[in-house]
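# Just the structure for this:
(one chain, ligands or ions: 1)
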Amino acid sequence: MTNSHEYRPLRIALLGAGSVGSQVARLLIEHKSELAARVGAELELVGIAVRDINSPRNAGVPRELLTLDAESLILGADIVIEVMGGIEPARTYILQALNSGSDVITANKALLATHGTELFDTAEQVGAQLYFEAAVAGAIPIIRPLRESLAGDKVNRIMGIVNGTTNFILDRMDSTGATFEDALAEATELGYAEADPTADIEAYDAAQKAAILASLAFHTEVPLESVYREGITKITAEQMAAAKRDGYVIKLLAICERVAADSAGLEGVSVRVHPALISREHPLGAVRGAFNAVFVEAEAAGSLMFYGAGAGGVQTASAVLGDLVSAAKRHVAGGPGLADSVHANLPVLPIDRVQTRYQITLEVTDQPGILAKIANVFSDHNVSIETVEQSVRVLAGIASKTATLEVGTHAATDASLSAVVKSLAANDAVESITSVIRVEGI
Ligand code: HSE
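Numbers count the residues shown, from 1 in each chain. Take a look at the predicted model:
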């Protein structure tokens with residue numbers, strides 16, 4: 001292999017030397033000549049900006065490249081890689097980099113989901129590129145397929161398992177019968193969950209990723225505040241066992257979809273993240289452990305599934321380096337690059353408008369006419385029942401006075417379905433509602 005390249009070496013600045021940054025540095029150095037051959041120019045790592053020079057570092061990080069002076073590093077770079085995370089100073093650094101003409105690669109989903117418009121507008125104004133394959137689902141190529149491969153198609157729906165920590169927890173609950181608390185403790189012990197797991201278990205992380213995916217898929221700005229979000233903390237071992245018995249598994253799903261026009265003619269898109277029952281036969285039902293997967297339904301392409309490691313330093317570094325090669329090639333060969341388009345500008349509708357199905361489990365008084373009373377609640381809201389399963393618990397050989405009903409609905413709007421749950425809660429035939437969960441993927 002030759003190391004002689006006609007183009008001058010490209011100066012690469014790395015912001016952050018944590019689990020992803022240290023792997024990016026190591027791979028850049030270890031694969032220097034191969035990357036140079038692919039790009040047609042040397043990729044020279046000129047510095048790594050960190051907050052504390054003396055923090056313990058992964059062995060792959062050359063200490064002589066560490067600096068506290070991020071701003072000078074940015075000003076002297078051709079391409080800036082931001083893997084420090086957080087909103088500030090990452091936002092300011094990325095804006096400085098773009099404004100000085102550098103292309104930027106970021107893995108920062110929180111920043112993109114909250115300040116994406118500002119960053120993309122700045123990139124467009126100055127003719128720079130902002131790459132972010134690593135921001136959603138780690139190593140899995142999903143941004144580029146949405147931005148490029150499917151750019152000529154019409155994406156109708158995306159269903160993703162985009163958070164590995166919660167998938168690990170739910171998978172352990174499913175496979176071992178563990179409670180949420182025990183499965184979370186195991187995830188923490190194994191390093192999947194952070195000391196403060198809120199962002200994962202309350203689905204903030206998944207909501208950020210869903211907003212990014214939906215913006216790309218529907219060419220529409222999707223503010224994070226418009227993403228409906230429910231975490232997994234209330235999922236019980238009993239719900240898991242019931243799901244398994246019925247041929248389902250509970251997954252935290254990020255669902256981005258087009259919503260058909262209502263009677264007033266208003267159509268749009270909807271983005272939501274919540275736990276849901278999905279058939280064990282569905283491709284997403286087979287996603288185990290901390291893996292991620294994104295299932296895309298497009299008009300011409302049909303169904304596509306992207307699967308792999310959604311987190312991890314070296315896995316995420318793979319996505320960063322893919323972006324780096326693209327950015328570097330653009331430097332060498334020129335070209336306009338890609339601009340993200342929000343031309344469709346569709347309304348982002350509340351979850352009320354989406355069509356879904358509920359499975360509702362309730363304890364009811366075991367008396368004549370109760371089933372009819374319950375059925376009326378559903379029909380009052382124009383919701384059709386698909387399945388009803390009743391079991392009467394027998395205590396010490398005597399049938400108890402309550403029966404457990406598990407009611408599965410046909411598809412209806414979430415507004416109607418949640419109205420059913422409200423009415424059931426107020427109905428004197430209902431002792432308690434023990435589970436309400438959406439059913440997806442049918
Ligand atoms: N905490 C995330 C997850 C990885 O568990 O998938 C980073 O987005």
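
# residues contacting the nearest residue to residue 333 once chain neighbours are set aside?
What sits nearest to residue 333 in space, not counting adjacent residues and going by C-beta to C-beta, 6 or more residues apart in numbering, is residue 40, at 7.5 Å. All C-beta spots, glycine's among them, are computed from the backbone N, C-alpha and C. Applying C-beta atoms under 8 Å, 6 or more residues apart in numbering to residue 40 gives the contacts 5-7, 329, 332-333.

# In helices, which of the residues you listed fall?
Counting by DSSP state H, the contacts of residue 40 place 329, 332-333 in helices.

# Okay, residue 371 and residue 407: tell me how far apart.
Here the criterion is C-beta to C-beta, to the nearest Å. By it, residue 371 lies 10 Å from residue 407.

# The ligand: which of the contacts of residue 40 is nearest?
The closest of those to the ligand turns out to be residue 329 (C-beta to the nearest ligand atom; 26.9 Å).

# In CSV, list the C-alpha atoms belonging to stretch 256-266.
Coordinates of the C-alpha atoms in stretch 256-266 are reproduced here as CSV (Å, rounded to 0.1, in the frame of the first residue of the first chain):
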residue,chain,number,x,y,z
CYS,A,256,-42.5,7.4,13.9
GLU,A,257,-45.4,7.2,11.4
ARG,A,258,-47.6,9.1,9.0
VAL,A,259,-51.1,9.7,10.3
ALA,A,260,-53.9,9.7,7.7
ALA,A,261,-56.2,12.7,7.4
ASP,A,262,-59.0,13.0,10.0
SER,A,263,-62.5,14.3,9.2
ALA,A,264,-61.2,17.8,9.1
GLY,A,265,-58.6,16.7,6.5
LEU,A,266,-55.6,17.2,8.8
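
# Can you report phi and psi for residue 11?
Backbone torsions for residue 11, taken as degrees, to the nearest 10, come to phi -90, psi 120.

# can you count the residues close to it?
Applying other C-beta atoms under 10 Å, we find 18 residues neighbouring residue 11.

# And for residue 233, nearest residue in space, chain neighbours not counted?
Spatially, and ignoring its direct neighbours in sequence, residue 233 is nearest to residue 201 (5.5 Å; C-beta to C-beta, 6+ apart).

# can you pull the contacts of the one you found?
Contacts for residue 201 were tallied using C-beta under 8 Å, 6+ apart; they are 165-166, 169, 184, 193, 231-233.

# Just name the closest of those residues to the ligand, please.
Closest approach to the ligand among the contacts of residue 201 (C-beta to the nearest ligand atom): residue 165, at 3.4 Å.

# burial count for the nearest residue to residue 298 once chain neighbours are set aside?
Residue nearest to residue 298 in three dimensions, not counting chain neighbours: residue 153, with 4.4 Å by C-beta to C-beta, 6+ apart. Using other C-beta under 10 Å, residue 153 is surrounded by 16 other residues.

# got the phi/psi numbers for residue 153?
Residue torsions, per degrees, to the nearest 10, at residue 153 are phi -110, psi 180.

# Check the spacing between it and the ligand real quick.
Applying C-beta to the nearest ligand atom, to the nearest Å, the value for residue 153 to the ligand is 27 Å.

# can you tell me which residues contact that residue?
By C-beta under 8 Å, 6+ apart, the contact list for residue 153 reads 298-301.

# Pull out the buried residues from these.
Buried members of the contacts of residue 153, counted by 16 or more other C-beta atoms under 10 Å: residue 298.

# In the contacts of residue 153, find the pair that's most separated.
299 and 301 (7.6 Å; C-beta to C-beta).

# can I get the ones in helices among the contacts of residue 40 in JSON lines with neighbour count and pLDDT?
Output for these, formatted as JSON lines (neighbours: other C-beta atoms under 10 Å; pLDDT from 0 to 100):
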{"residue": "329", "neighbour count": "15", "pLDDT": "95"}
{"residue": "332", "neighbour count": "15", "pLDDT": "94"}
{"residue": "333", "neighbour count": "11", "pLDDT": "90"}
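
# Domains in the protein, by residue range?
Residue ranges for the domains of the chain, per automatic domain parsing: 10-138+314-333, 143-309, 354-440.

# just to revisit the earlier point, any chance of the contacts of residue 201 in TSV with neighbour count as columns?
Listed next are the contacts of residue 201 as TSV, based on neighbours: other C-beta atoms under 10 Å:
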residue	neighbour count
165	25
166	31
169	31
184	24
193	23
231	22
232	25
233	16
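
# So which of those residues reach the ligand?
Checking those against the ligand by C-beta under 6 Å from any ligand atom, the ones in range are residue 165.

# Next step: the contacts of residue 201 restricted to strands.
Of these, none are assigned to strands by DSSP state E.

# just to confirm, which helix or strand has residue 435 in it?
strand 430-440 (DSSP states H and E).

# From the contact counts, what lies against that strand?
Secondary-structure packing of strand 430-440 (3 or more C-beta pairs under 8 Å, 6 or more residues apart in numbering; DSSP states H and E): helix 237-245, strand 248-259, strand 268-279, strand 355-365, strand 398-409, helix 414-426.

# Buried ones in that strand, by neighbour count?
Residues 430, 434-440 are the ones in strand 430-440 that count as buried (16+ other C-beta under 10 Å).

# ditto for stretch 80-89
Buried residues in stretch 80-89, counted by 16+ other C-beta under 10 Å: 80-85, 89.

# sorry, back to before: tell me which of the ones in helices among the contacts of residue 40 is nearest to residue 60?
Distance to residue 60 across those (C-beta to C-beta) is lowest for residue 329, with 24.4 Å.

# Please look at the closest one and residue 39 and confirm they touch.
Yes: counting by C-beta atoms under 8 Å, residue 329 does reach residue 39; the two are 5.6 Å apart.

# Tabulate the helices and strands packed on strand 430-440 (CSV), appending mean pLDDT, mean neighbour count and distance to residue 139.
Converted to CSV, the helices and strands packed on strand 430-440 look like this (pLDDT from 0 to 100; neighbours: other C-beta atoms under 10 Å; distance: least, C-beta to C-beta, whole Å):
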stretch, mean pLDDT, mean neighbour count, distance to residue 139
helix 237-245, 97, 18, 28
strand 248-259, 98, 24, 17
strand 268-279, 98, 24, 21
strand 355-365, 96, 20, 30
strand 398-409, 86, 16, 36
helix 414-426, 98, 16, 33
